[in-house]
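Visitor: When you get a sec, could you give me coordinates for this:
(one chain, ligands or ions: 1)
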Amino acid sequence: MVNNPSSIKLRAHHLLCMRGFKGYGYSKDFVNNLRSIIDQLTAHPTTEIEIIDECDAICAHCPHKKNDRCAADKNAWQRIKERDHKVLQALTLGVGTKINMIDLTILIEEKLNTPEVVQDICGNCIWKDICLNQTNSSTIKCFANFFRNLFKE
Ligand code: SF4
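Guide: So this is what the prediction gives:
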């Protein structure tokens, strides 16, 4: 049974994490939570998403979250925030923007549609190669059911 939250907060770079998700993550709980969020948004793509640059519903089940901050390493809090800001800049959105998943997906596909753009944003993220393994030619395809299903409603 999929819940139907009316809104959810997501930090900006997690939009890329969700698109590239292949079932990997920092812990079993983290993976289950991320999969659940993707399932919820797939089932209810008109859910309002507030784009933020701090810990969100995905971080909530991450073992690296300490005191409401990303503590994956000593520079993580600042580095991850900068990654969020790069995504926001690429999408021409601001912190606190509220948008539904359908409109957001269209925007992502328009603005974050090449491996080069994603490489630049993701930097040395340990999951980058797995996420980008979804690419072919120069254009990133929407492989995740998450994105494919959005357009079926
Ligand atoms: S590594 Fe940091 S930014 Fe990523 S989910 Fe965990 S707490 Fe959040």
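Visitor: alpha carbons only for contacts and neighbour counts from here, please
Guide: Noted.
Visitor: How about the residues of this structure by the ligand?
Guide: Counting by CA under 6 Å from any ligand atom, the residues of the chain close to the ligand are 55, 58, 59, 62, 64, 65, 70, 72.
Visitor: so how far is residue 103 from the first one?
Guide: Look at residue 55 and residue 103: by CA to CA, to the nearest Å, they are 23 Å apart.
Visitor: who's more crowded, those two?
Guide: More neighbours surround residue 55 than the other of residue 55 and residue 103, with 21 against 12 (other CA atoms under 10 Å).
Visitor: can you pull the contacts of the more buried one?
Guide: Listed by CA atoms under 8 Å, 6 or more residues apart in numbering, the contact partners of residue 55 are 10, 11, 65, 68, 69, 70.
Visitor: Helix, strand, or coil at it?
Guide: On the three-state scheme (DSSP: H, G, I helix; E, B strand; the rest coil), residue 55 is labelled coil.
Visitor: can you map out the strands along this structure?
Guide: 7-11, 48-52, 65-66, 69-70, 98-100, 135-136, 139-140 (DSSP state E).
Visitor: Most tightly packed of the ones you listed?
Guide: strand 48-52 (a mean of 21; mean count of other CA atoms under 10 Å).
Visitor: That one pairs with which strands, parallel or anti?
Guide: Strand 48-52 has the following strand partners under DSSP bridges: strand 7-11 (parallel), strand 98-100 (antiparallel).
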